[in-house]
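Participant: Here is the input, now give the coordinates:
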Amino acid sequence: TEKPVQNESNNGLKNLKGTLAMARTSNPHSASAQFFINTRNNEFLDFEIAPYGPLNTVRQSQLGIQDEISGRIATTNCRGQRITRDTLNLAKKSGNSDDHGYICLMRAILNDNSYSLDSELKRCLAQIDTLKQSGTLGKDQTCSDYVNNRHQGIKLVHLRWGYAVFGKVTRGYDVVEAIENTETGPVFPFRQDAPKEPVIIQSIERI
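Facilitator: Here you go, the predicted model:
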């Protein structure tokens, strides 16, 4: 398969009956080519997020960081270290250092190891008029202010990575039901729940 993709379960789509979602391991960003079809509403597979704090309503959650502008989220920094309650305090002390500061957090959030202070300033300069018209940047502010505001706007959140829905069965659901009713059991290398006879989808169309 191709290399795994970034988890997109926060795309607003739910694991409802008839939807297709990406299969993965316990690593939320491990999906590559395998998928499953939901044969009932599976809310427990959906992405969930809540503000950081003692009133956490997300079950089996972990800490993450979120960029207010893009809305994107990461649960580790650019070095693969898990986000903790001390992550933002460490970033404030380190500032824009690549190893521990805001640059490292932005690289993880945007999934872009080429992110740097220079690249962010260049992006800002290319759209500074639009940023000021939208109120994202004050009339008297500069792109340095924009970068500082963005970095300071990173916040801690509670989240549960879900399973990314990317499609829905619109015709031929009887085929899904036939797959669901296939006899299963131990079939090497699986210990249980594998089809006794291989299930082959002969054709599938994107419409």
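
Participant: What sits closest to Leu110 if chain neighbours are left out?
Facilitator: Distances taken as Cβ to Cβ, 6 or more residues apart in numbering place Arg72 nearest to Leu110, at 6.2 Å, with adjacent residues excluded. Where you see a C-beta, it was placed from the backbone N, CA and C, and this is true even at glycine.

Participant: Test my guess that that neighbour contacts Asp112.
Facilitator: No: Arg72 lies out of contact with Asp112 (Cβ atoms under 8 Å); the separation is 10.1 Å.

Participant: In terms of neighbours, single out the busier of the two.
Facilitator: Using other Cβ atoms under 10 Å as the criterion, Arg72 and Asp112 rank with Arg72 on top: 15 against 12.

Participant: What distance do you get for the more buried one to Gly172?
Facilitator: 35 Å (Cβ to Cβ, to the nearest Å).

Participant: hang on, the earlier thing: any idea how far Ile83 is from the residue nearest to Leu110?
Facilitator: Applying Cβ to Cβ to Arg72 and Ile83 gives a distance of 14 Å.

Participant: ok, now how distant is Gln184 from Ala194?
Facilitator: One correction, residue 184 is Thr, not Gln. Thr184 is 6 Å from Ala194, by Cβ to Cβ.

Participant: And the strands in this protein?
Facilitator: 19-22, 35-37, 48-51, 62-66, 73-74, 155-160, 165-168, 184-187, 190-195 (DSSP state E).

Participant: which residues does Asn56 contact?
Facilitator: Applying Cβ atoms under 8 Å, 6 or more residues apart in numbering to Asn56 gives the contacts Ala50, His158.

Participant: mind checking pLDDT for Leu137?
Facilitator: Looking at Leu137, its pLDDT reads 89.

Participant: Understood, closing this out.
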